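S.K.: could you look at this predicted model? Sequence included:
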Amino acid sequence: MRKYVSPSLLIIFFILSAAGHYAHWPATLQFIISAVAVIFVAGFLGKATESVAHYAGQRLGGFLNATFGNAAELIIGILLVREGLFDMVKASITGSIIGNLLLVLGLSLFAGGLKHKIQRYNISLAGMNGSLMIVAIIALFVPAIFLQTHVLHEEDRTALSLVVAGILIASYLLWLVFSMITHKDYLADVTEAGKGADNGAAAETDSIALATAGGSHELPPAWSKGKSITYLVLATVMVAFVSEWLVGTLDTFTERFGLSEIFVGAFVVAIVGNAAEHSAAILLAMKNKIGASVEIAVGSSLQIALFVAPVLIFVSHLFGRPMDIVFTVIELAAIGVSVFIAKSITQDGQTNWYEGLLLIAVYAILGVSFYLV
């Protein structure tokens, strides 16, 4: 396995980023140093994720990356909820969902497709991911429609938000049981279990084709299983710190360029917070491990919508600052179109570079629209 980052440069820029934050260096200098640090730390996390995926499998490796990556966003979300910044929280949730579905997945399909003409993964998993994305949309649309059309009373807002949040958390936990335990083989990646229940001989053919493309000649990971897990945890902690330091410098740029809070939350904060997923997903796709890339991108979006957002609803009540699950029309539209195009592209279980380009195009359209708000 080739080296992704120089350990010396990684440590140097992490320390410089910390020094800039705590010594209150000029915001512009902090931003530049922290941005470089994020790149190095994300590369470190990408290497750790790939190493873990080698031992645990592409799906579990991708799930671990998405979980560790979203841990930082959950912590930042809790801090924002405590301060009562609900609009920023919802904007960042929106940005995380559309960023993973459009930007992370799009760049992964594009980069992987340029190197490998056609990449395949379990079609049953693609279908289940699509269904879960639809459930997430329904859970966000229904409260907004029922409350904004005044079919329900305003005092029902809190109760409905708590019930929906509870259902989403239960659905996500049961999905983990379904996908990781009871139907693990059914949803296994075609390159790892080419004889899955739904893939049969076709999946075996795909597995052979993928191995011929270079999968069977892959070098073993540079780290042992224990080191890989340890470095994954360490890299995630570093990502959380560096991302928070970088986000702390954004106010200056927001004021200087007259950016709206919703644009900063949905795009700037989301892109920075997802830097780790960006790096890991793209690197894995270029190594023909598209199953892990899809698990990182789509799995991270599902985790945000079905677990992180509902958890923040309950956390807000613990702080005595109840946050509802009602998103704005703009946010719902952005999430809706993202789910629609992502489901359309991923439902056949195979990808190419042009499909990645289409996802990036939709992300650009939404980015310009949010910028002009």
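M.R.: Everything's here; your move.
S.K.: can you count the residues close to residue 113?
M.R.: 21 (other Cβ atoms under 10 Å). C-beta coordinates here come from the backbone N, C-alpha and C atoms, glycine included.
S.K.: report the central residue of this structure.
M.R.: residue 300 (3.6 Å; Cα atoms, centre = their mean).
S.K.: which residue packs closest to it, ignoring adjacent ones?
M.R.: Nearest residue to residue 300, sequence neighbours excluded (Cβ to Cβ, 6 or more residues apart in numbering): residue 66, at 3.9 Å.
S.K.: how about residue 41?
M.R.: residue 238 (4.7 Å).
S.K.: show me what the helix or strand hosting the one you found is packed up against.
M.R.: Residue 238 belongs to helix 225-247 when assigned by DSSP states H and E. Secondary-structure packing of helix 225-247 (3 or more Cβ pairs under 8 Å, 6 or more residues apart in numbering; DSSP states H and E): helix 7-22, helix 27-56, helix 58-82, helix 269-273, helix 275-286.
S.K.: now the angle from it to helix 58-82?
M.R.: Relative orientation of helix 225-247 versus helix 58-82 (axes from the mean of the first three to the mean of the last three Cα atoms, to 10 degrees): 30 degrees.
S.K.: where do the strands sit along the stretch 51-200 of the chain?
M.R.: Along the stretch 51-200 of the chain, counting by DSSP state E, counting those that start in this stretch, strands occupy 119-120.
S.K.: I'd assumed residue 53 was in contact with residue 225.
M.R.: No. Here residue 225 lies out of contact with residue 53, judged by Cβ atoms under 8 Å, at a distance of 11.5 Å.
S.K.: the two: who's more crowded?
M.R.: residue 53 (27 against 13).
S.K.: find the nearest non-adjacent residue to the more buried one, please.
M.R.: Residue 53 sits nearest to residue 61 (Cβ to Cβ, 6+ apart), 2.6 Å away.
S.K.: quick one on the thing from earlier: any idea which of the helices and strands packed on helix 225-247 scores lowest on pLDDT?
M.R.: Looking at the helices and strands packed on helix 225-247, the lowest mean pLDDT belongs to helix 269-273 (a mean of 68).
S.K.: and the end-to-end length of stretch 114-124?
M.R.: The straight-line separation of the ends of stretch 114-124 (Cα to Cα, to the nearest Å) is 25 Å.
S.K.: what residues of it count as buried?
M.R.: Neighbour counts using 16 or more other Cβ atoms under 10 Å place 116, 119, 120, 121, 122, 123, 124 of stretch 114-124 among the buried residues.
S.K.: equivalent analysis for stretch 233-248, please.
M.R.: For stretch 233-248, by 16+ other Cβ under 10 Å, it's 235, 236, 238, 239, 240, 241, 242, 243, 244, 245, 246, 247.
S.K.: give the rounded mean pLDDT of that stretch.
M.R.: Mean per-residue pLDDT for stretch 233-248: 81.
S.K.: and stretch 315-335, by the same measure?
M.R.: For stretch 315-335, the mean pLDDT works out to 89.
S.K.: distance of the residue nearest to residue 93 when sequence neighbours are not counted from residue 271?
M.R.: Spatial nearest neighbour of residue 93, chain neighbours left out: residue 309 (5.1 Å); criterion: Cβ to Cβ, 6+ apart. As judged by Cβ to Cβ, to the nearest Å, residue 309 and residue 271 stand 18 Å apart.
S.K.: those two - which one has more neighbours?
M.R.: Applying other Cβ under 10 Å to residue 309 and residue 271 shows that residue 309 carries more neighbours, namely 28 against 17.
S.K.: quick check: next helix or strand after the helix or strand containing that one?
M.R.: Element membership for residue 309 (DSSP H and E) is helix 309-318. Counting by DSSP H and E, the next helix or strand C-terminal to helix 309-318 is helix 329-346.
S.K.: contacts for that following helix?
M.R.: Residues from elsewhere that reach helix 329-346 (Cβ atoms under 8 Å, 6 or more residues apart in numbering): 90-91, 94, 97-98, 101-102, 105, 109, 126, 129-130, 133-134, 136-137, 140-141, 144, 262, 266, 294, 298, 301, 305, 327, 351, 355, 358-359, 362, 366, 370, 373.
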